[in-house]
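[1] predicted model, plus sequence, below.
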Amino acid sequence: MLAYLIRRLFAAAVMLVVIILVVFGIFFLIPKWAGVDIATSFVGKQADPASVEAVRQKLGLADPVYSQAWEFFKGIFVGRTYSGGGDVTHCAAPCFGYSFRSEQAVWPVLTDRFPVTLGLALGAAVLWLVFGVAAGVLSALKRGSLWDRGAMLVALSGVSLPIYFTGMLALTVVSFKLDLLDGQFVPISHSFSGWLGGMILPWITLAFLYAAMYARITRATMMEILGEDYIRTARAKGLREQVVIRKHAMRSTMTPILTMLGMDLGALIGGAILTETTFNLPGLGQKVLDAIKNQDLPFILGVTLITSLAVLIANLVVDILYAVIDPRVRLA
Amino acid sequence: MTEPSKSEAAMGEPTAASPASTSFLEVRDLKVHFPTDDGLVKSVDGLSFQLEKGKTLGIVGESGSGKSVTSLGIMGLHTAGQYGKRKARISGEIWLKGTELLSADPEQVRKMRGREMAMIFQDPLSALHPYYTIGAQIVEAYRIHHDVDKKTARKRAVEMLDRVGIPQPDKRVDSYPHEFSGGMRQRAMIAMSLVNNPELLIADEPTTALDVTVQAQILDLIRDLQKEFGSAVIVITHDLGVVAELADDILVMYGGRCVERGPAEKVFYEPRHPYTWGLLGSMPRLDRDQQERLIPVKGSPPSLINIPSGCAFNPRCPYADIPKDNITRTVRPELTEVGGRHWAACHMSQEERQRIWAEEIAPKL
């Protein structure tokens, strides 16, 4: 188990380095292919050649690729100092550079927005796990029943309806018609109950989509597991059916669900663009949408890195849980 | 599509008229039918037999003859944990120690499962839960029926593993099924089945998934344990070699029904059904001339949805035309006694069968 853990951690560290280098590659190569000069886009089109040149010097854009890559890499872990072309700016670690548009440092903006997205993703995950898995198990046990058909119909609509539709519907009904929640985001540091009130609708909307997917997967997996020989063995021992389901079938059903959870959570923590836009939540997703619209490369890179990191960590956690559940994985 | 007939609609109703059984295990007119999209699959269609304690019954037949369905039926595993609307339809009577299982309270049958009757499955790798240690699974089986703490149950598990011949049982008790070899897994499975000293042990193809050398060891083990515990054993197999080694009585199944039943030596040396002849002819034997070819039973197993009318074996039977008036294709033969405790279901006369066996079949074996 320990060896497995060390191997996983090591693999994650290697992945992180690779991700950073790939992200740098995007930063370096995309403008080249797109015919965009980074220095020009930083300064603005109307700037005179002298100030463009100054920025190029300061950002080290004229340096060879490897030294730029190294500076970028170093910046993330120990910070970097922009000293080319006269004045000196220190960018503390982790340094993702400055926005092309607002000259804001990228990292503080990201850390500001990250908790919003994290709260959204985790809260929704709890909801969809509880309701999705429960609905899936019940459907599998009552297959063909009215409940099963009803639940699967709701699940199908959950999968097919886009978030901006269900989100808008929820907002219209709950906030505007019934006037139950005002639907405004309040940071958790200001007021916990206010935060809860603002998050309920986004959570439900996001969880609805995922609960639908999880219910379908759970139902299919559960039905398959119930046909396994070892379930028959468990019954042959004289176990109560309830224990057969809870202890023997559920444990096997959890493995594919965990795998999905790792990927979904990782992706969501990197920004739930649709949900955040629909409910006007100041999270990473909203920011990255802005950044893409404005071609604000440093922000795009920052969010990309955070997303990758989130996926990496979520998968690491899932890998560990996986090994706890399935002893055969510990050998892998 | 076969529409359920009136008699099938009445299935499942208790047949209160019949007297309680005095045998240790008695199966009377067992029928197990499964409704499917293509029609009603009659996996077992009227099977009866008795078994006493300390005896071994071998149930033989090809795939789809209803062997496993019968064993699962005795264990009550067709009705336990059935979800959805497509439920198996079971009728007849299964008497175990004076209790009729099909009409008994399911909770009572559950309590008997694992304690009074236990089962060894064909493929021990898939029959053991991959996520729990061997020990945990045996401990669980023991604690369902015994109110003891985990430590006592664990000691019992180690004891059982030792008894079935697993080396270093106190260490291997914490192993997972994937860490065991095939033979060891089957030993562990046997240890789990026997942990509650069941009086009835059903072994469903216990050696099919194992290699030949291990097969013999497992069969020896089952035989030794039976002597030790004095339980009744049902061995289900398509391998006549297995029953030859273990069984006191043999029941040959074809198309969901019994075609021949009797003491092992009778069925082996004086078989009275053409299907049994076919099985014996297709069995490889060391004492036979190696140049000689095995004689397969021609054709394929019957559809269990449209079982051939008359004798189910008639399309494959080389002697189907011997009885007069095409009777093999119109009337289903009943089991008739052909000797002491020996029954066969065939339209040919005793003398004819005796003659064919003695002149045509036996010399070729």
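    Okay, I see it. Numbering: from 1, shown residues only, chains lettered A, B, ... in the order given.
[2] rest of the way, CA atoms for contacts and neighbours
    Fine.
[3] where do the strands sit along chain B?
    B:25-36, B:39-51, B:56-60, B:89-96, B:99-100, B:117-120, B:200-204, B:232-237, B:249-254, B:257-263, B:336-339, B:342-344 (DSSP state E).
[4] to residue A:165, which of those lies closest?
    Closest approach to residue A:165 among the strands of chain B (Cα to Cα): strand B:25-36, 41.5 Å.
[5] neighbours around residue 50, how many?
    No chain in the question, so chain A it is. 9 (other Cα atoms under 10 Å in any protein chain shown).
[6] to clarify, I was referring to chain B.
    When neighbours are counted by other Cα under 10 Å, residue B:50 registers 17.
[7] list the contacts for the nearest residue to it once chain neighbours are set aside?
    Leaving aside its chain neighbours, residue B:50 sits nearest to residue B:26 (4.3 Å; criterion: Cα to Cα, 6 or more residues apart in numbering or on different chains). Going by Cα atoms under 8 Å, 6 or more residues apart in numbering or on different chains, residue B:26 touches B:48, B:49, B:50, B:51, B:93, B:94, B:95, B:96.
[8] can you do 6 Å?
    Contacts for residue B:26 (Cα atoms under 6 Å, 6 or more residues apart in numbering or on different chains) come out as B:49, B:50, B:94, B:95.
[9] quick check: pLDDT value at the nearest residue to residue B:268 once chain neighbours are set aside.
    Leaving aside its chain neighbours, residue B:268 sits nearest to residue B:280 (7.7 Å; criterion: Cα to Cα, 6+ apart). Looking at residue B:280, its pLDDT stands at 88.
[10] returning to that earlier point: who does the residue nearest to residue B:50 bridge with?
    residue B:50, residue B:95 (DSSP bridges).
[11] returning to that earlier point: what about the residue nearest to residue B:268, how many residues nearby?
    Neighbour tally, residue B:280, other Cα under 10 Å: 24.
[12] what's the burial count for residue B:273?
    24.
[13] how near is it to chain A?
    34 Å (Cα to the nearest Cα, to the nearest Å).
[14] got the domain ranges for the chain?
    Just going to use chain A. Chain A is divided into the following domains under automatic domain parsing: A:2-91, A:106-331.
[15] my question was about chain B
    Domain segmentation of chain B under automatic domain parsing yields B:6-247, B:258-364.
[16] could those domains go into CSV alongside distance to residue A:285?
    As requested, the domains of chain B are exported to CSV (distance: least, Cα to Cα, whole Å):
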stretch, distance to residue A:285
domain B:6-247, 39
domain B:258-364, 59
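[17] still on that earlier bit, just give me the lowest mean pLDDT stretch among the domains of chain A.
    Among the domains of chain A, domain A:2-91 carries the lowest mean pLDDT (a mean of 80).
[18] centroid residue for chain B?
    In chain B, the residue lying closest to the centroid (Cα atoms, centre = their mean) is residue B:236, at 3.4 Å.
[19] ok, that one to chain A distance?
    16 Å.
[20] partners of that residue in the sheet?
    Bridge pairing for residue B:236 - DSSP bridges - gives residue B:59, residue B:204.
[21] quick check: which ranges of chain B have low pLDDT?
    For chain B, the stretches with pLDDT under 70 are B:1-17, B:84-85, B:288-290.
[22] show me where it has its helices.
    B:6-9, B:67-75, B:106-112, B:124-127, B:134-145, B:150-163, B:169-172, B:182-194, B:212-229, B:240-246, B:264-269, B:274-281, B:327-330, B:350-356 (DSSP state H).
[23] need the residues of chain B near chain A, please.
    B:83, B:84, B:110, B:111, B:113, B:114, B:126, B:127, B:128, B:129, B:131, B:141 (Cα under 6 Å from any Cα of the partner chain).
[24] residues contacting the third one?
    It stands for residue B:110. Residue B:110 neighbours (Cα under 6 Å, 6+ apart): residue A:238.
[25] apply 10 Å and report the result again.
    A:235, A:236, A:237, A:238, A:239, A:240, A:241, B:75, B:76, B:77, B:80 (Cα atoms under 10 Å, 6 or more residues apart in numbering or on different chains).
[26] now, which of the residues you listed sits nearest residue A:105?
    Closest to residue A:105, out of all of the contacts of residue B:110 and judged by Cα to Cα, is residue A:241, at 58.9 Å.
[27] nearest spatial neighbour of the closest one, skipping sequence neighbours?
    Nearest to residue A:241 is residue B:81, by Cα to Cα, 6+ apart, at 6.4 Å.
[28] that neighbour - how many residues pack around it?
    18.
[29] could you do residue A:75 as well?
    Every residue meeting other Cα under 10 Å relative to residue A:75 is counted, giving 19.
[30] roughly how far apart are it and residue B:318?
    88 Å (Cα to Cα, to the nearest Å).
[31] again with residue A:73
    For residue A:73, the distance to residue B:318 - Cα to Cα - is 83 Å.
[32] more neighbours: those two, which one.
    residue A:73 (20 against 14).
[33] in which helix or strand does that one reside?
    helix A:65-78 (DSSP states H and E).
[34] which elements pack onto the following helix or strand past that helix?
    Downstream of helix A:65-78, the first helix or strand assigned by DSSP H and E is strand A:80-82. Strand A:80-82 sits against helix A:49-59, helix A:65-78, strand A:89-91, with contacts defined as 3 or more Cα pairs under 10 Å, 6 or more residues apart in numbering or on different chains; DSSP states H and E.
[35] okay, the ones you listed in CSV with distance to chain B next?
    Listed next are the helices and strands packed on strand A:80-82 as CSV, based on distance: least, Cα to the nearest Cα, whole Å:
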stretch, distance to chain B
helix A:49-59, 55
helix A:65-78, 41
strand A:89-91, 50
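[36] give me whichever of those is most buried.
    Ranked by mean neighbour count, these are led by helix A:49-59 with a mean of 17 (mean count of other Cα atoms under 10 Å in any protein chain shown).
[37] residues making contact with that one?
    Contacts for helix A:49-59 (Cα under 10 Å, 6+ apart): A:37-46, A:60-63, A:68, A:71, A:81-89, A:97.
[38] what about the residue in the stretch 201-350 of chain B positioned nearest to chain A, neighbour count?
    Across the stretch 201-350 of chain B, the shortest distance to chain A (Cα to the nearest Cα) belongs to residue B:202, at 10.7 Å. Neighbour count of residue B:202, defined by other Cα under 10 Å: 26.
[39] and what of residue A:210?
    When counting by other Cα under 10 Å, one arrives at 24 neighbours for residue A:210.
[40] contact partners for it?
    Going by Cα under 10 Å, 6+ apart, the list of residues near residue A:210 reads A:124-125, A:127-129, A:131-132, A:155, A:158-159, A:204, A:216, A:261, A:264.
[41] which of these lies closest to chain B?
    Taking Cα to the nearest Cα as the measure, chain B lies nearest residue A:216 of these, at 16.6 Å.
[42] go ahead and confirm that closest one touches residue A:138.
    No. Contact criterion Cα atoms under 10 Å: residue A:216 and residue A:138 do not qualify, at 11.1 Å.
[43] sorry, back to before: closest one of the contacts of residue B:110 to residue A:173?
    residue A:241 (42.1 Å).
[44] which residues sit in contact with residue A:153?
    Counting by Cα under 10 Å, 6+ apart, residue A:153 has contacts A:147, A:159, A:212.
[45] among the residues you listed, the buried ones, what's the ChimeraX command?
    Applying 16 or more other Cα atoms under 10 Å in any protein chain shown to the contacts of residue A:153, the buried members can be selected in ChimeraX as follows:
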select /A:159,212
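[46] what about residue A:188, distance to chain B?
    41 Å.
[47] now residue A:64
    Distance, residue A:64 to chain B, using Cα to the nearest Cα: 54 Å.
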